[in-house]
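Student: quick one, structure for this:
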Amino acid sequence: MKVGATAIRVGGVAGCLVLLVLAAGGAWAHAEWPRVVPSGDGVPISYEVYGYGEPTLVFVHGWICDSRYWREQVPHFAQHHRVITLDLAGHGHSGAARERCTMASFGQDVRAVVEASGSRSVILIGHSMGGSVIAEAARLMPDLVVGLIGVDTLEDVEYRMSREELDGMLAPLKADFRAGSRGFVAGMFAPDTDAGLREWILADMSSAPPAVALSAMEEMMMQYVTGEAAAVFDAIRIPVMTVNGELWPINVEANRRHMVSYDAVILKGADHFLMMDRPEEFNRALEQVIHAMEATDAD
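Tutor: Sure, this is the predicted structure:
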């Protein structure tokens, strides 16, 4: 009996180890691999799905960024929601055959991913250029999208830019994209932004394909030349909220003239990449905004 008891005890320890190994192996075996779905024009769009729970949170990156820029948000929000990240056409691991990178075509990318995911209720979250993209996507999916959350974007949808101003903005990018993009993005940081993060972002964004970057920038800013930046919201009857840094002022009154409802949360001292440089503070603020949006949708 003594020998048997010893064997049982040793077996118990070994069994626990085996179970841990099997559990780890099982988790890896059932890990969700990146998926690909064709957009409206056939360009393959790469996306990933994490967690469970409606509404699904779809995170859309900004100009010449990709889904990696949400790495501090995915594990946090996937605890209670289904979380989807994607790379817009020409960005990250998605196809780059598209000649014109319009906000409407990027909206089609988001729509393709949402429909492929089978989500029944969606909150779209867009950083920077992603704010314009999620507005276009919401216009395409009125029965699925319950709210829009911008991240340091949509400061003033009524802002009007002249064609001459846009040409002046594009000129340094066309002359030398690597140097021009570094100079352009350098103005989006706060003085106390982590130096390592700052350099990573500058190096990463300045390495983007120039043709994609120039097309996307021109198409995005043309919406402020033509007035489409505001007009798109006239067709969207869902709440809009933003979590912004302090680099640029927000014209709340102008936004509310075109949105069914609009509110903003400002993170004091935060810069354009607040979800990366101030992730804990940003995640708390985004959580509050999501809860407020869920409560509005339930009413």
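Student: just want the phi and psi numbers for the residue most central in space within the chain.
Tutor: In the chain, the residue lying closest to the centroid (CA atoms, centre = their mean) is residue 60, at 2.6 Å. Note on residue 60: backbone dihedrals following degrees, to the nearest 10 are phi -120, psi 120.
Student: next one, pLDDT for the nearest residue in space to residue 221 that is not next to it in sequence please.
Tutor: Nearest non-adjacent residue to residue 221, counting by CB to CB, 6 or more residues apart in numbering: residue 166, 5.1 Å away. No exception for glycine: its C-beta is placed from N, CA and C like everyone else's. What the model reports for residue 166 is a pLDDT of 97.
Student: would you confirm that residue 166 contacts residue 220?
Tutor: No: Residue 166 lies out of contact with residue 220 (CB atoms under 8 Å); the separation is 10.0 Å.
Student: the more surrounded of those two?
Tutor: Using other CB atoms under 10 Å as the criterion, residue 166 and residue 220 rank with residue 220 on top: 21 against 16.
Student: with adjacent residues omitted, what lies nearest to that one?
Tutor: Closest to residue 220 by CB to CB, 6+ apart is residue 129, at 5.2 Å.
Student: so where do the helices sit in the stretch 151-299 of the chain?
Tutor: Counting by DSSP state H, counting those that start in this stretch, the stretch 151-299 of the chain has helices at residues 163-175, 177-186, 195-205, 210-226, 228-234, 252-256, 274-277, 279-298.
Student: what about the strands in the chain?
Tutor: Assigned by DSSP state E, the chain shows strands spanning 35-38, 44-50, 56-60, 83-86, 122-127, 145-151, 240-244, 262-266.
Student: where are the low-confidence patches of the stretch 101-250 of the chain?
Tutor: Nowhere does the stretch 101-250 of the chain drop to pLDDT under 70.
Student: how many residues are close by the nearest residue to residue 296 once chain neighbours are set aside?
Tutor: Nearest non-adjacent residue to residue 296, counting by CB to CB, 6+ apart: residue 239, 5.4 Å away. Neighbourhood size, residue 239 [other CB under 10 Å]: 20.
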